[in-house]
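Visitor: Next come a sequence and a model predicted from it.
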Amino acid sequence: MTTTINPLESQELAAPVRWRTPGMLTAFALAAGCAFVFFQRPGTTTFRLSSENDAIRLPNLEVSTVPAGVGLTIALLLLAGYSVFLRSSGRKTPRWLIAVFAVLLVAGFLIWAGSGGTLPVSGLLVATLGVSVPLILGSLSGVISERVGVVNVAIEGQFLAGAFAAAVVASVTGNVIAGLAAAMIAGALVAAVLALFAIRYLVDQVIVGVVLNVLVTGLTTFLFTQVLSPNNQQLNSPPRFAPIDIPVLSDIPIIGQVLFSQTLIVYLMFVAVAAVYYGLFHTRWGLRLRAVGEHPQAADTVGIAVNATRVRNVLLGGVVAGLGGSYFTLGSVGSFNIQMTAGAGFIALAAVIFGRWDPVRSTMAALLFGFASSLQYVLSIMGSQVPSEFMLMLPYLVTILAVAGFAGKMRGPAAAGKPYTTA
Amino acid sequence: MLELRGITKRFGTVTANDGIDLIVEPGQIHCLLGENGAGKSTLMNILYGLYHADEGEILLDGVSQKFAGPGDAMKAGIGMVHQHFMLVPVFTVAQNVMLGHEPTHPGGRLDMAAARDLVRRISNQFGFGVDPDALIEDLPVGIQQRVEIIKALSRDAQVLVFDEPTAVLTPQETDELIAIMRRLKAEGTGIVFITHKLREVREVADTISVMRHGQIVGQASPTASSSELANLMVGRPVELTVKKNAPAPGDAGLQVSALTVTDERGHRVVDDVNFQVRGGEILAIAGVQGNGQSELMEAIMGLRSASHGSVTLDGKELLGSSVRQILDAGVGYVPEDRHVDAMVAEFSLMENMMLDRSVGLPFVKYGTVRQPVVDQFTRERMAEFDVRAVGPHIPIGRLSGGNQQKVVLARELSRDLRLFIAAQPTRGIDVGSIEFVHQRIVRTRDAGVAVVVVSTELDEIAALADRILVMYQGRVIGIVPANTSREDLGLMMAGVTPTTKEDPHVQQFN
């Protein structure tokens, strides 16, 4: 047989460009257009850019809602149309387009919802960060834990344990730092139970996590009613962290107060985000942690102790989540209350997934959820006519849309949730 | 020099390794030949510190070693190229190579530059051509295997263990690997080469040890013939070639036209496939694992909904029918993954034997299983197919791979067939059973049934095929006669298409 051989021209089997993003953008643009144009709320929305005692004062920004609404609707429709055009010529919607679209949509919504009122921009941002601090720390805990291969559903329980321990210890000692330390230990204790059952006894990690949440809720509720309430003065009146102004930086208009006039926990949070990012991607610790979460057997065969690595980092995750829990009692409210974390641990979990198991993206996701929550406070304070029930729904709506709609199919650490055993 | 002395390992009542002695000299390729389940992998896992031997000792240059884990084995200079690569798919080559012994800058930052240099140095030394910044999951398996070798060499391995390294390679990649092994040998590395493929052993080995039932049953020289080695491996004379007469192709049979299958991500995993198999002939589908063969078979069986084109059997359209309708049309199917798709391990032989006919007669009447009928049927089939088991009531999971496969074969061949599809029919089964399975497949053909055999093993393709279809990236590279040379088949499996063809069917359908 004589055969001459020709190389086959390589055929690219690229993933198809999907209609989802253009479709979502079009739907949002149309929904926004309906609200802005057909349910007009004529008037003026005032954006307050500085407060009275700021060092540098900016004038208020006044926007007339009807022209702004119409203009923004047109802009949104144009962007959505461009996305559809790109899709029909086989191209993907660029990221900048989605970002611009989101900013315009939010601006449009604020102008529309805030009609006739004054919206304190700095206040909104401060509130956003306030809500986000525990979410960010919780999602960092989730990122560390899942990246090493253990699904941490117990963030909620770690928050609650941290908040409780911080309140009691800080009240007894009168020292906020002692409270902070106690919160971290409490978070680590919850994580230790998770590690024990999930890694040592191979119990399903999600089930252990859910049970731990229920356990900690029950335990703190019991202790609160039986021990804290009768002795409120001695056991549940912790001192709170005072904000620390960073000179000069805290005087920057709009963002100065948000970023540079905060409590120790918030500064620790900033450090934690940077440290986890740097650690995960640029140090031996992170490389080994990720290897254990992706392919534990590969890690084992190069001499990395898989389960020891997992235990250590699940505990570390517990410490970070416990720190987040302390913010509830020492940072914002000032005393412990039954179930005061109100599902924040689960939102943090959603932020982990939306942020694709990346510390910085998860932080962004947590900020988005925080923004949606604080929008609700701020709009109800300024007396907006938007029904409060709708606003209460908003953060969760954003969570669902974010995780299901835009995030799409995501690939987490390959070995997350799977216990590692050798024969 | 590596020496194993009297290594014994028991799992419960099973002795996986029984007093194994083995010596590997520097610059020597020592082949460890044995069937699946002979205890080769157990032995190597002991050597690599993953298991602990119950008795015996490991000596390196005369010094007794105690390995608590793979880390210790590596420090002692033993490297392993695993059958299933121990590489993190989302890491780069450099990250995988540095893992476990990472160079760092002062302050703890990973020294990626040093890691890249290390990869480049070893890659250049042996002509591997590996890019340190490539992601593992983007690399072909042949290159991934080189990364495994670099990983071991980067830790100054004196002895390299290759565990079934050619199972995932194309014939060309296998040749390249053999060249690499010779190069390593020339540099003084001792090599243990574990395999069950006789051809490779004879090509590359300096010394051959044959393992059977956990023991070393003999040493052989590379000049030994294949049948001598096979006899040693199995413990009795085996027929390596299947006796078959020229095919007598009959009527229409299976006709596949313009079949395209997309996967969950929208990729075309089967792309415009055309072929015909007539009654009384065997079409063997060759190709490296993962080139669309599995999806093609699943599409024919009605297991893939995202399929377009046409699949007809004796002129009747099958595409779009339910699996039950397709089975009733006279299709028998041996899936490639026995444990997942062909049987239920916890079910008894009887229950497995009636899995495909759980509705209606002969086994079910008035919604009730007729136990005596199933019982008798199973006993008859066990006798006919030489299934060695205590009885029809024991769970199939307790049988050896070969006996399990015979049960699957018995079930699928006991209906009136017009088409028989066998995917990887002899994967993971002993040589004796391979012989039996091959004979049954040829006998099915001789009964006038259209037969499709999918295999990644060229030996199997050569043994069974009347015609050979080669798949690459979901497409038919060509349909060639059974006497096509291994070299040409290998090139086709790597995506190189022959321009002139002698097979009339190619002209007809492509």
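Guide: The structure has been received and is ready for your questions.

Visitor: Quick check: which element contains the residue positioned nearest the centre of chain A?
Guide: When C-alpha atoms, centre = their mean is applied to chain A, the residue found nearest the centroid is A:A366 (1.6 Å). Assessed by DSSP states H and E, A:A366 sits inside helix A:359-381.

Visitor: Can you identify each of the helices in the stretch 101-250 of chain A by residue range?
Guide: For the stretch 101-250 of chain A, the helices defined by DSSP state H, counting those that start in this stretch occupy A:121-147, A:155-173, A:176-195, A:205-223, A:232-235.

Visitor: B:A410: which of those helices is closest?
Guide: helix A:205-223 (41.1 Å; C-beta to C-beta). The way it works is simple: take the backbone N, C-alpha and C, and place the C-beta from them, glycine included.

Visitor: show me what contacts A:R147?
Guide: A:280, A:289-290, A:293, A:313, A:357, A:413, A:416 (C-beta atoms under 8 Å, 6 or more residues apart in numbering or on different chains).

Visitor: How about it: what's its closest non-neighbour residue?
Guide: Of all residues beyond its chain neighbours, the one nearest A:R147 is A:G293 (4.7 Å), with distances taken as C-beta to C-beta, 6 or more residues apart in numbering or on different chains.

Visitor: residue ranges with poor pLDDT in chain B?
Guide: B:239-240, B:499-510 (pLDDT under 70).

Visitor: So, low pLDDT: which residues of chain A?
Guide: Scanning chain A for pLDDT under 70 picks out the ranges A:1-18, A:52-55, A:384, A:402-410, A:422-423.

Visitor: circling back to that earlier point, and the residue nearest to A:R147, how many neighbours does it have?
Guide: The number of residues packed near A:G293 is 28, by other C-beta atoms under 10 Å in any protein chain shown.

Visitor: Against B:A186, how distant is it?
Guide: Applying C-beta to C-beta, to the nearest Å, the value for A:G293 to B:A186 is 40 Å.

Visitor: Just confirm yes or no for the host helix or strand of A:N307 near chain B.
Guide: Assigned by DSSP H and E, A:N307 falls within helix A:306-326. No - against chain B, helix A:306-326 shows no contacts by C-beta under 8 Å from any C-beta of the partner chain, the least distance being 10.1 Å.

Visitor: what do you get for stretch A:358-372?
Guide: No - judged by C-beta under 8 Å from any C-beta, stretch A:358-372 stays clear of chain B, getting no closer than 12.3 Å.

Visitor: From the chain's centroid, how far away is that stretch?
Guide: 4 Å (C-alpha atoms, centre = their mean, to the nearest Å).

Visitor: Give me the contacts around that stretch.
Guide: Contacts to stretch A:358-372, defined as C-beta under 8 Å, 6+ apart, come from residues A:124, A:128-132, A:135-136, A:138-140, A:142-143, A:273, A:276-277, A:280, A:347-348, A:350-352, A:354-356, A:394-395, A:397-399, A:402.

Visitor: Kindly give a single ChimeraX line that selects the buried subset of those residues.
Guide: Buried subset of these, written as a ChimeraX selection, criterion 16 or more other C-beta atoms under 10 Å in any protein chain shown:
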select /A:124,128,129,130,131,132,135,136,138,139,140,142,143,273,276,277,280,347,348,350,351,352,354,355,394,395,398,399,402
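
Visitor: Okay, buried residues for the helix holding A:A366 please.
Guide: Of the residues in helix A:359-381, those buried (16+ other C-beta under 10 Å) are A:359, A:361-379.

Visitor: likewise stretch B:169-186?
Guide: For stretch B:169-186, a neighbour-count test (16+ other C-beta under 10 Å) marks B:169-171, B:173-178, B:180-181, B:184-185 as buried.

Visitor: Now for those: which two are most distant?
Guide: Among the buried residues of stretch B:169-186, B:T170 and B:K185 lie farthest apart (C-beta to C-beta), at 22.5 Å.

Visitor: Distance-wise, check the residue nearest to the centre of chain A relative to A:G355.
Guide: From A:A366 to A:G355 the distance is 8 Å (C-beta to C-beta).

Visitor: Show me what the helix or strand hosting B:V210 is packed against.
Guide: Following DSSP H and E, one finds B:V210 within strand B:207-212. On a contact count with 3 or more C-beta pairs under 8 Å, 6 or more residues apart in numbering or on different chains; DSSP states H and E, strand B:207-212 meets strand B:29-34, strand B:215-220, helix B:226-234.

Visitor: what does the next helix-or-strand element following the last one contact?
Guide: It refers to helix B:226-234. For helix B:226-234, the following helix or strand on the C-terminal side (DSSP H and E) is strand B:254-262. The contact list for strand B:254-262 (C-beta under 8 Å, 6+ apart) reads B:268-277, B:292, B:295-296, B:298-300, B:304, B:306-313, B:319, B:419, B:450, B:452, B:474, B:509.
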